[in-house]
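Visitor: fold the following.
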Amino acid sequence: MPPHSYLSSGGLCYAEYMDKSKSKRRIYVIGGLTLLFFTTISLWSEVLSLGSFQITFFDVGQGDAASIRTPSGKQIIIDGGPDSAILGKLAKEIPFWDRTIDMIILSHPAKDHMAGLLDVLQKYSVKTVLWTGIEKDTEIFREWERALLKEQEEGARIVLASGRQSISIGKGFCPQRMDILSPVENVAGTLVKGDDNDTSLVVRLYDCTYSALFTGDLTKKGEGILLKQNILIDSDILKVGHHGSKTSSSEEFIKAVSPDVAVISLGQGNQYGHPHKETLATLEKYGIDIRRTDEEGDISFRFK
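Guide: This next block holds a predicted model:
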């Protein structure tokens, strides 16, 4: 058949057919190279991030959610915010081929800390869940209980904090640890009918170069109980309690923590008026750098 004659089946010129075929192959090749390029970039980003400690406070609106990536690559989530927004945040933090999270920590079972973790448990394979074990008579708490039962059946470890504990999260020349500082007593199985803020897990992450303190929604009363324990709470970074509410962050507590940076996790224009001016005034009095998710979005720190 002459190269320029027409095919009777479709009326397409042979030369045109060959040109289109080559064009498709070119598109496939370019597409494949593009995918390879971005995969390579992602892999190198992962390799380069190993050896450093990264903490990211997510902007999830009026709620708390943070992720920790250890130098050895372990991934830890502390609280999940009020809805599924955390999934979009994690998609940027965790490579698309990785569906495993080493640990999630629930500070206390309030919706603005817990709801997003239900979505995380559905999408990711979680190795360990750490929480206090207190009970609430709410529908979202019952969802949490069902989710934990399912996770346990699939092999996850469910760990209940019971007083002060210290957990190793990384070995080496400069080992990383996570101390559970509060509640100071075992509260597992306790039904809390009202405010559960002072049952919040207080977690201090540290190694030989940095430290960060996560306080959940701990109030001034809970801070006072913690201060009476005479334990080390001095930290470089403080996750400010209860979204900057005046019910938290007493002057005595802020002096004891003595952070360089205070991060307030909150929603823009929230109905509670957070952060309250009293809290901001206390932080400013001690020259602490104030960072806010409602103003900056996600806030990340990386330590070598």
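Visitor: pull the residues that contact the helix or strand hosting residue 112.
Guide: Per DSSP states H and E: residue 112 is located in helix 111-123. With contact meaning Cβ atoms under 8 Å, 6 or more residues apart in numbering, helix 111-123 is reached by 60, 62-65, 77, 79-87, 90, 99, 101, 104, 106-108, 126, 129, 138, 140-141, 143-144, 147, 150-151, 216-217. All C-beta spots, glycine's among them, are computed from the backbone N, C-alpha and C.
Visitor: same check, this time on stretch 147-156
Guide: By Cβ under 8 Å, 6+ apart, the surrounding residues in contact with stretch 147-156 are 118, 121, 122, 125, 126, 127, 128, 129, 158.
Visitor: neighbours of the first one, how many?
Guide: Residues contacting residue 118 under the criterion other Cβ atoms under 10 Å number 16.
Visitor: can you map out the helices along the protein?
Guide: 14-49, 85-93, 111-123, 139-153, 220-227, 251-257, 277-285, 293-296 (DSSP state H).
Visitor: which other helices and strands contact the fifth one?
Guide: Packing contacts for helix 220-227, counted by 3 or more Cβ pairs under 8 Å, 6 or more residues apart in numbering; DSSP states H and E, involve strand 176-182, helix 251-257.
Visitor: switch the ones you listed over to JSON lines; also include mean neighbour count and mean pLDDT.
Guide: Supplementary listing: those in JSON lines, determined by neighbours: other Cβ atoms under 10 Å; pLDDT from 0 to 100:
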{"stretch": "strand 176-182", "mean neighbour count": "21", "mean pLDDT": "93"}
{"stretch": "helix 251-257", "mean neighbour count": "17", "mean pLDDT": "98"}
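Visitor: do you know how far residue 191 is from residue 251?
Guide: 33 Å (Cβ to Cβ, to the nearest Å).
Visitor: try residue 194
Guide: 26 Å.
Visitor: just residue 166 next, same as before
Guide: 28 Å.
Visitor: rewinding a little: the helix holding residue 112: how far from the chain's middle?
Guide: 11 Å (Cα atoms, centre = their mean, to the nearest Å).
Visitor: what does stretch 126-138 give?
Guide: 16 Å.
Visitor: run through this protein and note the low-pLDDT ranges.
Guide: 1-51, 172-173 (pLDDT under 70).
Visitor: need the contact list for the closest residue to residue 254 other than its chain neighbours.
Guide: Nearest residue to residue 254 in three dimensions, chain neighbours excluded: residue 282, at 5.5 Å (Cβ to Cβ, 6 or more residues apart in numbering). Residue 282 makes contacts with 249, 250, 251, 254, as judged by Cβ under 8 Å, 6+ apart.
Visitor: kindly report the same for residue 159.
Guide: 128, 129, 130, 131.
Visitor: residue 246 too?
Guide: With Cβ under 8 Å, 6+ apart, residue 246 has these contacts: 276, 277, 278, 279.
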